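In: pasting a predicted model and its sequence here:
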Amino acid sequence: MLNSDRTELDLPPTHSESESAFSDCGGGRAGSTEDAGGVGLCAQSRVTEPGEAVKKDLQHLSREERRRRRRATAKYRTAHATRERIRVEAFNMAFAELRKLLPTLPPDKKLSKIEILRLAICYISYLNHVLDV
């Protein structure tokens, strides 16, 4: 196959970040390994690690672009969503505990977070005033 017209099978594989380095090694493709005497693209891609091609592709990118691409993965988004959910739950529990310490006329009255903070400020001021007298 020494044509001046190079076919897709003759070109080295190019992979995006999400593709595997072994995606061109599917069974039965004519010209994949037999044309080069048993050593073709599949044999070459098995020598290198799957993540190595991705790392080489990312080296020329700026630091910000690499960060943006890493954050675009499903694994990263899932982990971030989990961390955010835990943070919000802890935040809400802290407000609930603060709410239990504050006196209100109907004790079970639902207060917003800003109302809880304002009431806490007023209550602390009142307690300081009581201690000063």
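Out: Sure, I can see it.
In: what count of nearby residues applies to residue 102?
Out: The number of residues packed near residue 102 is 15, by other CB atoms under 10 Å. All C-beta atoms are positioned from the backbone trio N, CA, C, and that covers glycine.
In: surely it and residue 119 touch.
Out: Yes - using CB atoms under 8 Å, residue 102 and residue 119 qualify as a contacting pair, with a distance of 5.1 Å.
In: elements contacting the top helix by length along the chain?
Out: The helix that spans the most residues within the chain, counting by DSSP state H, is helix 74-101. With contacts defined as 3 or more CB pairs under 8 Å, 6 or more residues apart in numbering; DSSP states H and E, helix 74-101 has these neighbours: helix 63-71, helix 113-132.
In: need the CA coordinates for the last one. CSV is fine.
Out: Extracted as CSV, the C-alpha positions of helix 113-132 are listed here (Å, rounded to 0.1, in the frame of the first residue of the first chain):
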residue,chain,number,x,y,z
LYS,A,113,-31.2,32.5,57.2
ILE,A,114,-31.0,36.2,57.1
GLU,A,115,-33.6,36.5,59.8
ILE,A,116,-31.7,34.0,62.0
LEU,A,117,-28.5,36.1,61.6
ARG,A,118,-30.3,39.4,62.4
LEU,A,119,-32.1,37.9,65.4
ALA,A,120,-28.8,36.4,66.6
ILE,A,121,-27.1,39.8,66.4
CYS,A,122,-30.0,41.5,68.3
TYR,A,123,-30.0,38.7,70.9
ILE,A,124,-26.2,39.0,71.5
SER,A,125,-26.5,42.8,71.8
TYR,A,126,-29.3,42.3,74.4
LEU,A,127,-27.2,39.8,76.4
ASN,A,128,-24.2,42.2,76.4
HIS,A,129,-26.6,45.0,77.6
VAL,A,130,-27.9,42.7,80.4
LEU,A,131,-24.3,41.9,81.5
ASP,A,132,-23.3,45.6,81.5
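In: tell me the angle that helix makes with helix 74-101.
Out: Direction vectors for helix 113-132 and helix 74-101, defined by axes from the mean of the first three to the mean of the last three CA atoms, to 10 degrees, enclose an angle of 40 degrees.
In: show residues contacting helix 113-132.
Out: Helix 113-132 is touched from outside by 95, 98-99, 101-104, 111, with contacts defined as CB atoms under 8 Å, 6 or more residues apart in numbering.
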